[in-house]
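Participant: predicted coordinates and the sequence they were generated for:
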Amino acid sequence: MFLAERLLKEPHAGAPLKGLPKRYVMMSTSKGAIDAFRRVSGQTRHWADTPGWTVVVLAVGLAIRLAALTWLAPQPLTDDAVDYHALALALISGEGFEADWPPGLPLSLAPFYWILGAKIWVARAVMVGWWLAFCALLFLLTRAAGGRRAANFSLALFAAYPVFVLFSVAPLTPLPMAASLLAVLWSALACTRAAPGRPTAMAGLLLGAALGYAVLIRPSSVTVMFGVPAIIYLRRRRLAASALAVALALAIVGAWVGYAHKVTGRLVLVSDANARNLYYGNSPWTPLYRTWWFGSHKFPEGGVPEAFARELERINQLPPKERDATFVSGVLAQIRARPDLFILRSLARVRTFFAFDSNTASFLRRQTRARTPTILAVLVCDAVHFGAIVMLAIALLLSRWRGEHGLLGSHGDLVVLALGISLLYALPYWLSFAHPNYHVPVVAVLGVLAGLSLSRTDRPNRLPLIVVGLLLLLIQLEWALDMSGRL
C-alpha cells in the first residue's frame with residue numbers, strides 16, 4: 001500500500017517501471033492519463049474563452065458548407081424545395097398562386113431571386129446566409145446566458161452536424177425555423193430580464209417580429225405565438241411586452257392572410273398545408289409507427305396503399321374550400337371511430353422527436369453517388385451529435401436539480417422559456433403530423449442548454465443521467481433497426 005501511494009505521488013517521469021508489480025504500473029499509467037486529460041480539458045476550456053475559438057469554429061463550419069454548396073451545385077432541387085422555389089418565383093413575378101405552402105422561406109428567397117436571378121445556386125447561397133444568421137443568434141443568446149465559453153461550445157456542436165449542414169444548402173424550412181425559435185428565445189429572455197419599471201418595448205417588438213415570421217414559416221407555430229407571451233406574463237408580469245409581441249405577430253400574419261386572400265380569392269390561414277398534413281398523419285390508412293410516411297412517399301412506392309392514393313386523388317379534385325374541410329372532417333371522423341389508433345399514432349410521433357435524424361443519409365443515398373461507408377458514417381455522425389446535445393441539455397437540468405438554486409438554478413428564465421418553446425413547438429406535430437426532421441428546431445434550442453452544460457465544472461446526478469441515457473440509447477437503436485427494415 002505504501003508503495004502504491006508513493007507511485008501515485010511520484011509519477012517517476014522517465015524512470016523505468018521494470019520489476020514493479022503489474023498493478024502498480026497500471027495505477028501509475030492511469031494516473032498519468034487522467035492528469036493528461038485534465039490538462040487538455042483545462043487548456044480547451046481556456047481557449048474556448050477566446051475570440052480565436054469563435055473564428056476557427058465559424059471558419060470550419062463555413063468551409064464545410066461551401067464545399068457542400070460546390071458539390072451540390074449540379075444537383076436539381078428536390079421534394080419540398082421545388083415547391084418553395086416555385087412560390088418564390090410567383091411572389092416576384094406577381095403571378096397567381098395557390099397557397100399550398102407556407103410563405104416564410106419563399107419570402108426570404110424572393111428578394112435575392114429578384115436581384116440575382118431565380119437560379120438554384122442563389123437559393124442554396126441564401127440558405128448559407130440563414131446558417132450565418134443561425135450562428136449569430138446562437139452565439140449571442142448563449143453568451144448572454146453563460147458567457148463566451150458556453151457560446152463557443154454551442155457553435156462547435158453545430159459546425160459539422162450533418163443534418164444542419166444539409167439544411168444550410170437546401171432551401172427547406174428547418175434551419176429558418178431553428179433561427180426563428182432562437183430569436184424568439186433571445187427576445188423573450190430580454191423581456192423577462194428587464195429590470196422592473198424599465199421599458200421593454202424594443203424586446204417586445206423583436207419578439208413579435210420573430211413570432212410572426214415563425215408562423216409564416218410553419219403555421220403550427222401559432223402555439224408558440226400565443227404561448228411564449230403567456231409564459232412571459234405569468235413568470236414576470238410583463239403585460240405590455242407580451243401584448244405588444246402578440247399584436248405585432250398578428251399584424252405580420254394578418255398581412256400575409258390579406259395578401260393571400262387578394263391573390264386566391266378565398267380566406268387562407270397562412271397555407272393549406274395544415275389540413276393536408278393533418279390528413280396524412282391521421283387517415284384510416286396512416287401507419288401506426290411511421291406516421292409521416294404519406295407526406296414523403298407517393299403511390300406506388302412501398303407502404304402507400306392504393307386505396308389511400310385513390311381517396312387522396314378524389315379529395316384533390318375538390319375546390320380548395322371544400323378540399324380543406326374534407327381533410328379535416330375525415331380526420332375527425334377517424335379519431336371518433338378509433339381513438340385508440342389516434343393515441344398510438346400520437347405516441348409514435350412523440351417517439352419520432354427523440355430519434356436521431358436520418359434525412360442526410362437518405363438524401364445522399366437518393367441524390368448522390370455516395371458509397372455505403374460514407375452514408376453510414378454520416379448516419380453515425382448525425383446520431384452522435386443528436387445524442388450529445390440532448391444528453392448535455394439533460395445534464396444541465398440534473399446539475400441544476402442538485403445545486404443550491406434548485407431545479408431551475410440561476411438561469412431559471414432561460415430554462416423555462418427554452419423548455420416551454422420546445423414543448424409549444426412540438427405539441428401540434430405530436431397530435432397531427434411529425435416528419436423525423438421536424439425536431440431540428442428543438443435541437444437548436446437545446447443546443448443553448450448544451451453549451452451551458454459544457455461550460456460548467458460541476459457534475460450532474462449520475463444515476464438519473466445514466467437512466468435517461470440508456471433510455472435514449474434504446475430509442476436510437478430501435479429507430480435504427482426500424483429504419484433499416486429489420487423490425
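Facilitator: Thanks, I have the structure now. Numbers count the residues shown, from 1 in each chain.

Participant: do you know how far Trp71 is from Arg338?
Facilitator: Separation of Trp71 from Arg338 (C-beta to C-beta, to the nearest Å): 46 Å. All C-beta spots, glycine's among them, are computed from the backbone N, C-alpha and C.

Participant: neighbours of the residue nearest to Arg236 when sequence neighbours are not counted, just the number please.
Facilitator: Spatial nearest neighbour of Arg236, chain neighbours left out: Thr192 (4.7 Å); criterion: C-beta to C-beta, 6 or more residues apart in numbering. The burial count assigned to Thr192 is 19, neighbours taken as other C-beta atoms under 10 Å.

Participant: what helix or strand does Thr192 sit in?
Facilitator: helix 174-193 (DSSP states H and E).

Participant: flag every buried residue along that helix.
Facilitator: Applying a neighbour-count criterion of 16 or more other C-beta atoms under 10 Å, one finds 174-192 buried in helix 174-193.

Participant: right, and the helix or strand after the helix or strand containing Pro373?
Facilitator: Element membership of Pro373, judged by DSSP H and E, is helix 372-402. Elements were assigned by DSSP H and E; along the chain past helix 372-402, the next helix or strand is helix 412-431.

Participant: what's that next one in contact with?
Facilitator: For helix 412-431, the surrounding residues in contact (C-beta atoms under 8 Å, 6 or more residues apart in numbering) are 145, 181, 184-185, 188-189, 192-193, 220-221, 223-224, 227-228, 231, 235-236, 346, 349-350, 353, 397, 400, 405, 407-409, 438-439, 441-442, 445-446, 448-449.

Participant: can you check stretch 110-120 too?
Facilitator: Counting by C-beta under 8 Å, 6+ apart, the neighbours of stretch 110-120 from elsewhere in the structure are Ala73, Pro76, Leu77, His85, Ala88, Leu89, Leu91, Ile92, Val122, Ala123, Ala125, Val126.

Participant: isn't the third one up against Ala88?
Facilitator: The reference is to Leu77. No: using C-beta atoms under 8 Å as the test, Leu77 is too far from Ala88 to be in contact (11.1 Å).

Participant: drop anything exposed from the contacts of helix 412-431.
Facilitator: The neighbour-count test (16+ other C-beta under 10 Å) applied to these identifies 145, 181, 184-185, 188-189, 192, 220-221, 223-224, 227-228, 231, 235-236, 346, 349, 353, 397, 400, 408-409, 438-439, 441-442, 445-446, 448-449 as buried.

Participant: which strand or helix spans the closest residue to Ala190 other than its chain neighbours?
Facilitator: Taking C-beta to C-beta, 6+ apart, and ignoring the residues beside it in sequence, Ala190 has Ala203 as its nearest neighbour in space, at 3.9 Å. In this assignment (DSSP H and E), Ala203 forms part of helix 201-217.

Participant: one step back: from the contacts of stretch 110-120, which two are the most distant?
Facilitator: Comparing all pairs in the contacts of stretch 110-120 by C-beta to C-beta, the longest separation belongs to Ala73 and Leu91, at 24.1 Å.

Participant: quick one: which of these two has more around it?
Facilitator: Using other C-beta under 10 Å as the criterion, Ala73 and Leu91 rank with Leu91 on top: 20 against 11.

Participant: picking that back up, tell me, how many residues neighbour the residue nearest to Ala190?
Facilitator: Tallying neighbours of Ala203 according to other C-beta under 10 Å, which is how burial is gauged here, yields 24.

Participant: I'd say it and Ala194 touch.
Facilitator: Yes: with contact defined as C-beta under 8 Å, Ala203 and Ala194 form a contacting pair (6.6 Å).

Participant: residue ranges with poor pLDDT in the chain?
Facilitator: In the predicted model of the chain, residues 1-48, 195-199, 400-410, 458, 484-487 satisfy pLDDT under 70.

Participant: how is it divided into domains?
Facilitator: With automatic domain parsing serving as the domain definition, the record reports that the chain contains domains spanning 2-46, 49-271+354-483, 273-351.

Participant: just name the most buried of those.
Facilitator: Counting by mean count of other C-beta atoms under 10 Å, domain 49-271+354-483 has the highest mean neighbour count of the domains of the chain, with a mean of 19.

Participant: gap between the two ends of that domain?
Facilitator: 41 Å (C-alpha to C-alpha, to the nearest Å).

Participant: for stretch 430-448, same thing?
Facilitator: The separation between the terminal residues of stretch 430-448, taken as C-alpha to C-alpha, is 23 Å.

Participant: next up, the contacts around Trp479.
Facilitator: Per C-beta under 8 Å, 6+ apart, neighbours of Trp479: Arg351, Ala355, Phe356.

Participant: apply 10 Å and report the result again.
Facilitator: Contacts were defined as C-beta atoms under 10 Å, 6 or more residues apart in numbering; by that measure Trp479 touches Arg351, Thr352, Phe354, Ala355, Phe356, Asp357, Ser358, Ala383, Pro436, Leu487.

Participant: most widely separated two among the residues you listed?
Facilitator: Looking at the contacts of Trp479 by C-beta to C-beta, the two members farthest from one another are Asp357 and Leu487, with 18.6 Å of separation.

Participant: quick revisit: what do Leu77 and Ala88 both touch?
Facilitator: Here Leu77 and Ala88 share the contacting residues Ala123, Pro171, scored by C-beta under 10 Å, 6+ apart.

Participant: quick revisit: helix 201-217 and the helix holding Thr192, what's the angle between them?
Facilitator: 150 degrees (axes from the mean of the first three to the mean of the last three C-alpha atoms, to 10 degrees).
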